[in-house]
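Colleague: requesting a structural model of the entry that follows:
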Amino acid sequence: MGDTGTTHGEPYAYDNQIPLVLYGKGVKPGLYRMQVHASDVAPSAAMLMEMGAPASAEGEPRVESIAQGH
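Modeller: So this is what the prediction gives:
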């Protein structure tokens, strides 16, 4: 490991995992302990903003954290 911080290729899971916090209108309160891939962030944010997913988005919105009727 170098002195410049972590990269996406580190061999240790704790260097590759970070919490995702969603807050605001349309977010269902709760603690969700499932794995979220980085590719799910943009579609989730787009859904909360009531926009279509980005054209090149490969992930899926995390609907379990989005309030019904939103």
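Colleague: okay, now the unreliable bits of this structure?
Modeller: For the chain, residues meeting the criterion pLDDT under 70 lie at 1-10, 14-16, 69-70.
Colleague: all helices for it, in order.
Modeller: Along the chain, counting by DSSP state H, helices occupy 13-16, 41-48.
Colleague: pick the most buried one from the ones you listed.
Modeller: Mean neighbour count (mean count of other C-beta atoms under 10 Å) peaks for helix 41-48 among the helices of the chain, with a mean of 18. Yep, even glycine has a C-beta here, placed from its N, CA and C like the rest.
Colleague: centroid-nearest residue for this protein?
Modeller: Computing the C-alpha centroid of the chain and ranking residues by C-alpha atoms, centre = their mean puts residue 41 first, at 3.4 Å.
Colleague: separation between that one and residue 22?
Modeller: Note on residue 41: its distance to residue 22, by C-beta to C-beta, to the nearest Å, is 10 Å.
Colleague: and residue 64, by the same measure?
Modeller: Distance, residue 64 to residue 22, using C-beta to C-beta: 11 Å.
Colleague: using JSON lines, lay out the helices of the chain together with distance to residue 30.
Modeller: Below are the helices of the chain laid out as JSON lines (distance: least, C-beta to C-beta, whole Å):
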{"stretch": "helix 13-16", "distance to residue 30": "24"}
{"stretch": "helix 41-48", "distance to residue 30": "14"}
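Colleague: what's around the residue lying closest to residue 36 once chain neighbours are set aside, how many residues?
Modeller: Leaving aside its sequence neighbours, residue 36 sits nearest to residue 20 (C-beta to C-beta, 6 or more residues apart in numbering; 5.2 Å). Residues near residue 20, counting by other C-beta atoms under 10 Å, number 13.
Colleague: please name the residues that touch the nearest residue to residue 52 once chain neighbours are set aside.
Modeller: Nearest-residue entry for residue 52: residue 46, 6.5 Å, with adjacent residues in sequence omitted and distances by C-beta to C-beta, 6+ apart. Neighbouring residues of residue 46 by C-beta atoms under 8 Å, 6 or more residues apart in numbering: 52-54, 57, 61.
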